[in-house]
Structure formats: structure tokens, C-alpha cells
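Participant: Sharing a model that was predicted from the sequence below.
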Amino acid sequence: MRPAHDYAPEPESPADIYAAYLVHLKRRRRGNTAYTQAARSFLRRWPQVQQWADLPLDTRLAANCSTRPFITFLMVSRRLQPGYDYLLNRKLASLWHELTDSCLEPDLNQFISAALELGFTQRVASAIGSQIIARLLIQTGRPLADLRESDLQDLLNACDIRQMRTGRGARHYRSTTHSARQTLFHLGILDSEAQPAVTPLTLDERMADVPATLRPAFVAYLQRKRATCVAKTVSSLATRLAHFGRYLTAIDPDIASLSALDRAPTHRTVHRFTDHHRQHRHR
């Protein structure tokens, strides 16, 4: 059973928070006078700890190595929502250690169990849990069952802001957010299933570079092939036809129909098409 002091009662005095932090450090067999002095200094400056989240991001990130463990404690005990900007810009290397016996641990264990049921490996499930779900639980202050689609979108919006601010991309966050959404739907927490991570192009879009006069015939042919061929084969045919269409555009921009095509009397045309195909593929 989780100790009652892992929860953040309302209201709570700085002395109560400090006492809870000492218990937290003792349980983890860590800490020293630098940690406790940093915690006291923090509570003197911000007795209402949530006010710390109103500071500029650079100031929040500048917290020293003695203060950061206290900030992490405040986050995992639902005493502090530091902002997605902070959560995305700070590496939480010791997060799993700090989550042990915390009020967030049962929700994360539930999520990881559901991810394993969906076929994710333990390593991937844990990564999704720490990278996405832990941050959502910390920032929203709500349990797993109360997470919403808008919470995931808020995290992705913060990723966009970080990219504009620092130039750092967020592909891994987008990928793991998609997987998190899948798992939350599996748990019945979200109402709609995650959309495919990559939406395939339609046949019309695949044939965009084919002359407009030939495009309907190419698309119709591929649609017919769907009746007898697997999707991968049709996709391969579409790739080759698209290359062929670009080749026709290059040698005869005014071609009006397939009936205008003649068999090449020599292998010269075949070689020209092959060269064109190779050049396009390597661009």
C-alpha cells in the first residue's frame, strides 16, 4: 500500500512538503545536506510551489543539481505541474527510480501492461510510458483514466514550440504519442482509435506526374490489379508506372493517349527509359 504522505493534501504547508521529501529521500536511500538545503531554499522562495512554474523557462532549467531532485519529487507526487516546455526540455534520466512507490506508479504500470498486450516490447512500452504518459500525468495532475485527446495534442503543440525555439525536431515524440494513443484506446480511455502513423497516398496522388491524358488509364489499370494482386504488388506497379509516366512526359510532353505509343524498333528506347528511371530514383 502506498504511504499516505505520497499524496499532496490541500492545503499543505511548506513544512509538510519538506517532511514528505525527507521520507522520499530516506525510502530511496539517497540525499545529503545539499539536497535538504536546496529544498528548504526552494520552499522559502516559493512556499506555494506551483508559483515556480510561472518563471521563464530558462530560469526553471537553470535549477542546480541539488535542486532538481526536489523538483522531480514535487512532480511525481502531484505537487507541481512544471509546464510541458520544462518537461520536454529537461532529461528525466532518473524518472523511473523516482516513480517507485509514488502515486503515479500504478497508472504507469497499468499503461505498460496494456502496451505489452498490444505486442509492444517491455523496452518500448517503458519508453512510451516515461516519454509520454508520465509527462501527461505530471502536467495534467489527473489519473490515467481521465486523460483526454486534447492532452496529447497539448504535448505535441509544445513539441512544435520547442522546435521553433531550439530547432530540435520531435519525430520520436510524435511516434511515441501515436503508440500512446493506441494503448489509451485499447484501455477504453480514448473513444477513437489512433490513425495510421503514415497515411498512404491514393493512386491518383501516386500518378501526379503522369500526363493528365494518360493518368485515368494508369489509375484504372492499377484499380483492376487490386482485384488479383496483393497491396504490395500494386504499390510496386504504381511506382514503375509513375516512373514510366515521367519518362513519357520527358520525351513527348504532348502525348494524348496510350494508342499513340508504338513499340520501339530497337532497344534504344528501353535503355533511355532505364537510364531515366535510375536518375530519378537516385535524386
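Facilitator: Thanks, I have the structure now.
Participant: Next, count neighbours for residue 152.
Facilitator: For residue 152, the count of nearby residues is 20 (other Cβ atoms under 10 Å). Where C-beta positions appear, they are placed from N, C-alpha and C, glycine not excepted.
Participant: so what pLDDT did residue 265 get?
Facilitator: With respect to pLDDT, residue 265 scores 51.
Participant: Could you grab the helix/strand/coil label for the nearest residue to residue 185 once chain neighbours are set aside?
Facilitator: Leaving aside its chain neighbours, residue 185 sits nearest to residue 193 (4.9 Å; criterion: Cβ to Cβ, 6 or more residues apart in numbering). Under DSSP: H, G, I helix; E, B strand; the rest coil, the three-state class of residue 193 is coil.
Participant: these two touch, right, residue 193 and residue 184?
Facilitator: No: here residue 193 does not reach residue 184: they are 10.0 Å apart, not a contact under Cβ atoms under 8 Å.
Participant: Neighbour count: these two, which is higher?
Facilitator: Neighbours per residue, other Cβ under 10 Å: of residue 193 and residue 184, the larger number sits with residue 184, 26 against 10.
Participant: re the thing from before, from residue 183, how far off is the residue nearest to residue 185?
Facilitator: Counting by Cβ to Cβ, to the nearest Å, the gap from residue 193 to residue 183 is 11 Å.
Participant: Output the below-cut-off pLDDT ranges for the stretch 51-200 of the chain.
Facilitator: 93, 194-200 (pLDDT under 70).
Participant: now the helices for it?
Facilitator: 57-61, 68-76, 84-89, 95-99, 105-117, 122-128, 134-140, 149-166, 171-186 (DSSP state H, counting those that start in this stretch).
Participant: what sits up against the second one?
Facilitator: Applying Cβ atoms under 8 Å, 6 or more residues apart in numbering, the set of residues contacting helix 68-76 from outside is 17, 20-21, 24-25, 30-31, 35, 38-39, 42, 49, 52, 63, 79-82, 90, 92, 94-95, 98-99, 102-104, 138.
Participant: that older thread, go through the helices of the stretch 51-200 of the chain and name the closest to residue 11.
Facilitator: helix 68-76 (15.3 Å; Cβ to Cβ).
Participant: That closest one to helix 105-117, inter-axis angle?
Facilitator: Here helix 68-76 points in a direction 80 degrees away from that of helix 105-117 (axes from the mean of the first three to the mean of the last three Cα atoms, to 10 degrees).
Participant: Next, the buried residues of helix 68-76.
Facilitator: By neighbour count on 16 or more other Cβ atoms under 10 Å, the buried set for helix 68-76 is 68-76.
Participant: what do you get for stretch 221-238?
Facilitator: Applying 16+ other Cβ under 10 Å to stretch 221-238 flags 222, 234, 237-238 as buried.
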